[in-house]
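*Asks:* Let me see the structure of the following:
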Amino acid sequence: MAGRERVVRMSVEQPLWRALTGYRVLTLIYAALLVGFGRGKYERFWVAVVFLAVLAVWTLVTLPRVANAASCTKRFLGLDLVVALTGILLTPLADFDAQHFDGPTLPSIWTAGSVLAFALKGGWRWAAFASTLVAAANIVERGEPSEDTFHNVLLVWVASIAIGYVVEVARASERTLARALEIEAATRERERLARDIHDSVLQVLAMVQRRGTALGGEAAELGRMAGEQEVALRTLVSSGLVPTTRVSEDSAEGAVVRVVEVEPEGAESAETDLRTLLAPHASSRVTFAEPGAPVLLVTGAARELAAAVSAALDNVRVHAGPDAQAWILVEDEPDEVIVTVRDDGPGIPEGRLDQAEGEGRLGVALSIRGRLRDLGGTAELISVSGQGTEVELKVPKVSRGKAGSAR
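*Replies:* As a prediction, this is how the structure comes out:
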């Protein structure tokens, strides 16, 4: 599959910005209705009308400003808060009795939207700053604040700080998730490279070492050098290099985007008959048993499964001896494909696999189990000393991970 794999996850705070946009419009309408239905109580009704006109224009013009964190600048927040505070302080000029009764201010609950914008942009500290100024303006506007005034002020103060704190926690969680995605993608790419190296270069170096030791003389020296290079290369692979993944956060869109670079190749999403990939393994010492009908898998998954089978047969040749017999059995189930590789060798002594992984020899772990894990499948190895080894590979028909990427 040519190009890149893109995994886009919407930021958890983006719905809050959308909610704030709707809140500002709805509370503008609410404030206008309050003034309209209560026009008889205003001694200077024109003051309320002028302010509401300004508030309506400001709200509608600045809707894009509260679409996301990037467009909601500090300057906008400051001007927005000034509009809210001005509306609160103008209330006694329009309604002479406002200081004696706990009625709504001119902007009413629209003011809370301005405070919430501070919370979404800067967290709980910004929310505390804005809500404190709003509280002071309300107390000044009332002149003689009542218990209800203090109750409303405290409610806005606590609610805005709580929302700001939740936003900070959400952002920290997103950063942690982005880092985890980066590590996961880099690890998978590193394991893919390690499997390919194991199946090619490391196998050749190991063979040169064994043959050189058996031949002796100058060949033994070549074998020794090949062995040293094998150890060095295994160490390099185990340390992990060449990550080709980057994770970026687009703050303007509020999205975390994981971009995994892969090698371009042909139509990996097409299906391939697994039998055609496994049939070349058949020989006088390898018996291949297959279904009569095609065993179709996504091309990427089929290749990875065939590579895992090849790795299992390599282990048979290396550890079971040149005279060992091996059998490959393919089973095409409704939801999965099962490939079993069995041999009549001496088997694997208990604890040998753990010891091999500790020495950096990761053939089974990477070439077999790693491949199947990336496909969403499983690899089970059953071995009894003196009774051979059986490797059972299971891959779902709709496999994930490497199924659609290039090897």
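
*Asks:* Surely L329 is within a strand?
*Replies:* Yes. Counting by DSSP: H, G, I helix; E, B strand; the rest coil, L329 is found in a strand.

*Asks:* can you pull out the strands in the protein?
*Replies:* When secondary structure is read from DSSP state E, the chain shows strands at 4-10, 245-250, 255-261, 271-273, 286-289, 296-298, 326-332, 336-343, 378-383, 389-396.

*Asks:* Show me where the chain dips below the pLDDT cut-off.
*Replies:* Applying pLDDT under 70 to the chain flags residues 1-12, 98-102, 144-149, 190-203, 228-269, 348-367, 399-407.

*Asks:* for it, which residue is closest to the average position?
*Replies:* Using Cα atoms, centre = their mean, the residue of the chain that lies closest to the mean C-alpha position is L181, 4.6 Å off.

*Asks:* Helices of the stretch 1-150 of the chain, start to end?
*Replies:* 14-37, 45-61, 74-94, 110-122, 124-142, 147-197 (DSSP state H, counting those that start in this stretch).

*Asks:* Isn't W110 up against A31?
*Replies:* Yes. The criterion here is Cβ atoms under 8 Å, and W110 meets it with A31 at 5.3 Å. Using the backbone N, CA and C atoms, a C-beta is placed for each residue, glycine as well.

*Asks:* neighbours around E43, how many?
*Replies:* If you count neighbours by other Cβ atoms under 10 Å, E43 ends up with 10.

*Asks:* mind listing what's buried in stretch 294-311?
*Replies:* The neighbour-count check on stretch 294-311 (16 or more other Cβ atoms under 10 Å) flags 295-311 as buried.

*Asks:* If you could redo that for stretch 317-326, that was the one I meant.
*Replies:* 317, 319-320, 324, 326.

*Asks:* Including distance to G223, could the residues you listed go into CSV?
*Replies:* Output for those, formatted as CSV (distance: Cβ to Cβ, whole Å):
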residue, distance to G223
R317, 18
H319, 19
A320, 22
A324, 23
A326, 26
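
*Asks:* Name the nearest of those residues relative to L222.
*Replies:* Within those, the smallest distance to L222 is 21.1 Å, found for R317 (Cβ to Cβ).

*Asks:* How about that closest one, nearest residue that isn't a chain neighbour?
*Replies:* Excluding the flanking residues, the one nearest R317 by Cβ to Cβ, 6 or more residues apart in numbering is A324, at 7.6 Å.

*Asks:* Quick check: the gap between E390 and V204.
*Replies:* 27 Å (Cβ to Cβ, to the nearest Å).

*Asks:* In terms of neighbours, single out the busier of these two.
*Replies:* E390 (18 against 11).

*Asks:* if we can go back for a sec, any residues in contact with both of W110 and A31?
*Replies:* Common neighbours of W110 and A31, using Cβ atoms under 8 Å, 6 or more residues apart in numbering, are L55.

*Asks:* A127 contacts A117, doesn't it?
*Replies:* No. Using Cβ under 8 Å, A127 makes no contact with A117, being 9.3 Å away.

*Asks:* for the residue nearest to R317, what are its contacts?
*Replies:* 285, 316-317, 343-345.

*Asks:* which one of these is nearest I161?
*Replies:* Nearest to I161 among the contacts of A324, with distances taken as Cβ to Cβ, is V316, at 65.9 Å.

*Asks:* who's in contact with that closest one?
*Replies:* 324, 326, 341, 343, 345, 389.

*Asks:* Serialize those to a markdown table and add fields for distance to L63.
*Replies:* Formatted as a markdown table, those follow (distance: Cβ to Cβ, whole Å):
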| residue | distance to L63 |
| --- | --- |
| A324 | 74 |
| A326 | 69 |
| V341 | 63 |
| D343 | 70 |
| G345 | 73 |
| T389 | 67 |
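
*Asks:* Provide a list of residues in contact with the residue located most distally from the centre of the chain.
*Replies:* Centroid-distance maximum for the chain: E43 at 59.0 Å, with Cα atoms, centre = their mean. Counting by Cβ under 8 Å, 6+ apart, E43 touches 94-96.

*Asks:* Distance check, it against P92.
*Replies:* Taking Cβ to Cβ, one finds E43 at 10 Å from P92.

*Asks:* repeat for G386
*Replies:* Distance from G386 to P92, by Cβ to Cβ: 97 Å.

*Asks:* T21 now?
*Replies:* In terms of Cβ to Cβ, T21 sits 31 Å off from P92.

*Asks:* do R211 as well
*Replies:* Separation of R211 from P92 (Cβ to Cβ) stands at 99 Å.

*Asks:* do the same with G227
*Replies:* 91 Å.

*Asks:* So for these two, which sits in the more crowded spot?
*Replies:* Neighbours per residue, other Cβ under 10 Å: of G227 and P92, the larger number sits with P92, 20 against 17.

*Asks:* just checking, the more buried one touches V140?
*Replies:* No. Using Cβ under 8 Å, P92 is not in contact with V140, being 9.4 Å away.

*Asks:* quick one: the helices in the stretch 301-407 of the chain?
*Replies:* 352-358, 371-374.

*Asks:* Quick one: distance of stretch 20-35 to the chain centre.
*Replies:* 37 Å (Cα atoms, centre = their mean, to the nearest Å).

*Asks:* Now it: buried residues?
*Replies:* Across stretch 20-35, burial judged by 16+ other Cβ under 10 Å covers 20-21, 23-24, 27-28, 31-32, 34-35.
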